[in-house]
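Student: build me a structure from this.
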Amino acid sequence: MLPSYLLSLREGLEAALIIGIALGALQKIRRADLAPALWSGVWSAALLSAAAALALTLLGMNFNGRAEKIYEGITMLLAAALLTWMISWMSEQSKNIKAELEEGINKAVVSSGKRAIFWLAFIAVAREGIELALFITAAFFAGSNDNLNANIILTLSGVLLGLGTAVLLGWSLFAATARMNLKKFFQVTGYLLIIFAAGLVAHGVHEFNQAGWIPALIEPVWDINKILDETSTLGQLLKTLFGYNGNPSLTEVLAYAAYLTGALLLFHQKIFAPQENVAAQQA
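Tutor: Next comes the predicted model:
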């Protein structure tokens, strides 16, 4: 539940910010009459994203045996790669997103009005929604397979709570009833999602180990299930959040460590490098 909540909160807040900025831009140029077209684009993108999440999950549930392992492994690695790109992109573009979106709104109004506004909103929200669909599918497969109904309920609950929180935060920001440090928010969630993505990488490699695509080399490297069983409640939580495996293979451990180290160094560099460059120039 927590991974789906965190992912939905992050993606939902980005979508809420986009919608709020777009509505503010329309009010600024006194074209509130175009708001229905914007909302049509938003809801159309939301329906497309929900359909994509459902299709991806149902497709994965139809596979069995080796094919299932391969599909889940590909889904998890693809989600980890997209998650890494999203974190990196937001760390660079969060400062300029408002100006760029307002410029896009102005051009859309001048060019073809309602149709352009619809597609601008649709593409902006669909990008966030399709990303979330892939992330939620990967998080669903990373959860316990022992109780499918409980896994579905927890995943959907996390999504609904995350999106609901994002809506409240977005409304609060643009209603000027609260002030939120977005830079700090994206930094904190960025670090948490990197750890989650490392777990997806480890899960993906584990699935490929079982499918025979990647050799295990040594399996297991250690076995601590007697201390913390991965099938226990705490073990399943850690498995879903951080990719915990009580008896991992060597390639699984190496993949986890390599991704986590590289992603954290890259994210840290993107956050602090601009400030360091400015300080160097002033010196």
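Student: ranges for the helices of the stretch 51-200 of the chain?
Tutor: For the stretch 51-200 of the chain, the helices defined by DSSP state H, counting those that start in this stretch occupy 65-93, 97-111, 114-142, 148-174, 182-211.
Student: among those helices, where is the model least confident on average?
Tutor: When the helices of the stretch 51-200 of the chain are compared by mean pLDDT, helix 97-111 comes last with a mean of 71.
Student: distance check, Leu78 against Ala139.
Tutor: To Ala139, Leu78 is 13 Å away according to C-beta to C-beta, to the nearest Å. All C-beta spots, glycine's among them, are computed from the backbone N, C-alpha and C.
Student: neighbour-wise, which of the two wins?
Tutor: Ala139 (30 against 16; other C-beta atoms under 10 Å).
Student: list the contacts of the residue nearest to Ala166 when sequence neighbours are not counted.
Tutor: Spatial nearest neighbour of Ala166, chain neighbours left out: Gly12 (2.9 Å); criterion: C-beta to C-beta, 6 or more residues apart in numbering. The neighbourhood of Gly12, defined by C-beta atoms under 8 Å, 6 or more residues apart in numbering, consists of Glu128, Leu132, Gly162, Leu163, Thr165, Ala166, Val167, Gly170.
Student: buried ones in the helix or strand hosting Gly20?
Tutor: Here Gly20, judged by DSSP states H and E, is contained in helix 2-28. Going by neighbour count (16 or more other C-beta atoms under 10 Å), the buried part of helix 2-28 is 2-23, 25-26.
Student: same question for it, mean pLDDT?
Tutor: Helix 2-28 carries an average pLDDT of 78.
Student: what's the answer for stretch 239-258, then?
Tutor: On average, stretch 239-258 scores 89.
Student: contacting residues around Gly235?
Tutor: Counting by C-beta under 8 Å, 6+ apart, Gly235 touches Asn225, Leu228, Asp229, Tyr244, Gly246.
Student: the residues you listed, buried ones only, as a PyMOL selection?
Tutor: Restricted to buried positions by 16+ other C-beta under 10 Å, the PyMOL selection for the contacts of Gly235 reads:
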select buried, resi 244+246
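Student: that'll do, ta.
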